[in-house]
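S.K.: Pasted the sequence and its predicted model underneath.
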Amino acid sequence: MNVLGIESSCDETSAAILSDGNLLSNLVSSQDIHNVFGGVVPELSSRAHLQIILPLVKKALQDSKISLNQIDLVAATAGPGLIGALLVGLTFAKGLSFSLKKPFVAVNHIEGHIFSGFLMNDKPEFPYLCLVVSGGHTLLLLVKSDTEIQKLGSTIDDAAGEAFDKISKLLGLGYPGGPQIQNASLNQRTDFANFPVAQCKNEFDFSFSGLKTSVLRFIQKEYGDASKIPTNDLPLIAAAFQYSAVKALIEKTEKALQNFKVNSISLVGGVAANQMLRDEFQKLSNRYTKKLVIPSLEYCGDNGAMIAYRGLKLHQAGIKYGYDFNAYPSLSDYSFIK
Ligand code: KG4
Ligand code: ZN
């Protein structure tokens, strides 16, 4: 079975071919047009998806040595994400499947991330504890099967990736913020400033807006404003922030590990690319003797491979989210996460 997976929910266009469970190609085109704006500009994103999607799908087919009429299933992200951006990939995929007379399946982007560990050779074992950390979402989940996902906690304000992006912007380090903060923090001490980890009413929830404010207050108190931070202090502030953000994610994950019986742990989403977070998850996995599955870097950020995989699973389960399925902006609109 050959599955074409298409992703266009934000600022990455991606096309992947999954053939009998083997990934033949996973092309990701990242839009750098947003960097100068310090964040994604939705209209620019839609236009860039439009320009790249056709050549990208063609190249994915070529690289896989698969012809268009050998495609058996077309899967595309339907949400959550930017409506205009989603519509490009979704409409393209629907049109293609219609013309090929092959089934189409709409995929939830976050569910794509949740199951992205299955793209690895060593796969998660149900039930597993999954931390989803992306630019728009932070979720702690108990994944019991392909269709049973229990939400233990989520962010009550900013997402983890959003916090990295905002602090990076504040420090003038650029967009996307995660990799910039990580690079700036490399080999720096983490105790230059003490930024607090927020406690929430639900012990598995997260909050990053207080952390953001405390970084801002620290800068105002020490330097007046961000433009006056001495060059030598920038990496130290970045490292202290990264330390607190990672600590918050680890603390809640550890609490969940103490409260729920699981067979493995998985860390997914764009922020799962963070090396400090990956290292801390490894330590957790050793301490609790739980199998750990963190996708390799190419499957942490947005990619078509995870959409193809999730699409295949939905199709095999007989779940039909077909042509009538429209783009939706938020996670609460549709998902198996309960
Ligand atoms: O999953 P993703 O690619 O897109 C969304 O679905 O949102 O996640 C993007 C987020 C951005 O906020 C980006 O700054 C963050 O992932 N990110 C990182 C790192 N690489 C990407 N955050 C921390 N450390 C990184 N190395
Ligand atoms: Zn994502």
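M.R.: It's in. Ligands and ions are numbered 1, 2, ... in the order given.
S.K.: quick one: residue 141 is in a strand?
M.R.: Yes - Residue 141: assigned to a strand according to DSSP: H, G, I helix; E, B strand; the rest coil.
S.K.: in the sheet, who's paired with the residue lying closest to it once chain neighbours are set aside?
M.R.: Distances taken as CB to CB, 6 or more residues apart in numbering put residue 130 closest to residue 141, at 4.5 Å, once the chain neighbours are dropped. To be clear about C-beta, it is placed using only N, CA and C from the backbone, and glycine gets the same treatment. As for beta bridges, residue 130 partners with residue 141, residue 266 under DSSP bridges.
S.K.: Can you get me a residue count around residue 130?
M.R.: Residues lying near residue 130 (other CB atoms under 10 Å) number 28.
S.K.: can I assume it is in contact with residue 144?
M.R.: No - counting by CB atoms under 8 Å, residue 130 stays clear of residue 144, with 10.7 Å between them.
S.K.: now the farthest one out in this protein, which residue is it?
M.R.: residue 224 (34.6 Å; CA atoms, centre = their mean).
S.K.: where's it relative to ligand 2, distance?
M.R.: 36 Å (CB to the ion, to the nearest Å).
S.K.: which phi and psi does that residue have?
M.R.: phi 90, psi -60 (degrees, to the nearest 10).
S.K.: can you tell me which helix in this protein is longest?
M.R.: Longest helix of the chain, by residue count under DSSP state H: helix 234-259.
S.K.: State the mean pLDDT of that helix.
M.R.: The average pLDDT for helix 234-259 rounds to 98.
S.K.: And it, what's buried?
M.R.: For helix 234-259, the neighbour count (16 or more other CB atoms under 10 Å) marks 234-250, 252-253, 256-257 as buried.
S.K.: Can you list phi and psi of the residue sitting nearest the centre point of the chain for me?
M.R.: By CA atoms, centre = their mean, the chain has its centre lying nearest to residue 269, at 2.7 Å. As for residue 269, its main-chain torsions (degrees, to the nearest 10) stand at phi 100, psi 170.
S.K.: next one: residue 153
M.R.: Torsion angles, degrees, to the nearest 10, at residue 153: phi -160, psi 160.
S.K.: Equivalent analysis for residue 197, please.
M.R.: Per-residue torsions, residue 197: phi -100, psi 120 (degrees, to the nearest 10).
S.K.: what does residue 18 give?
M.R.: Note on residue 18: its backbone torsions stand at phi -110, psi 120 [degrees, to the nearest 10].
S.K.: quick one on the thing from earlier: for the longest helix of the chain, which helices and strands make contact with it?
M.R.: For helix 234-259, the packing partners by 3 or more CB pairs under 8 Å, 6 or more residues apart in numbering; DSSP states H and E come out as strand 128-133, strand 138-143, strand 149-154, helix 160-170, helix 177-185, helix 209-223, helix 275-287.
S.K.: Please produce JSON lines containing the ones you listed, extended by distance to ligand 1 and mean pLDDT.
M.R.: Listed next are these as JSON lines, based on distance: least, CB to the nearest ligand atom, whole Å; pLDDT from 0 to 100:
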{"stretch": "strand 128-133", "distance to ligand 1": "7", "mean pLDDT": "98"}
{"stretch": "strand 138-143", "distance to ligand 1": "10", "mean pLDDT": "98"}
{"stretch": "strand 149-154", "distance to ligand 1": "14", "mean pLDDT": "98"}
{"stretch": "helix 160-170", "distance to ligand 1": "3", "mean pLDDT": "96"}
{"stretch": "helix 177-185", "distance to ligand 1": "2", "mean pLDDT": "97"}
{"stretch": "helix 209-223", "distance to ligand 1": "13", "mean pLDDT": "97"}
{"stretch": "helix 275-287", "distance to ligand 1": "7", "mean pLDDT": "98"}
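S.K.: Near ligand 2, which residues of this structure are found?
M.R.: 134, 302 (CB under 5 Å from the ion).
S.K.: Residues of this structure that sit close to ligand 1?
M.R.: With CB under 6 Å from any ligand atom as the criterion, the chain meets ligand 1 at residues 10, 134-136, 161, 164-165, 176-179, 182, 269-271, 273-274, 301-302.
S.K.: Residue 186 and ligand 2, how far apart?
M.R.: From residue 186 to ligand 2 the distance is 24 Å (CB to the ion).
S.K.: Can you tell me, leaving aside adjacent residues, what's nearest to that residue?
M.R.: Using CB to CB, 6+ apart and skipping residues adjacent in sequence, the residue nearest residue 186 is residue 235, 7.9 Å away.
S.K.: Would you check that that neighbour makes contact with residue 181?
M.R.: No - applying CB under 8 Å, one finds residue 235 not in contact with residue 181, separated by 9.5 Å.
S.K.: coming back round to it: winner for burial among the helices and strands packed on helix 234-259?
M.R.: Of all the helices and strands packed on helix 234-259, strand 128-133 carries the top mean neighbour count, a mean of 27, counting by mean count of other CB atoms under 10 Å.
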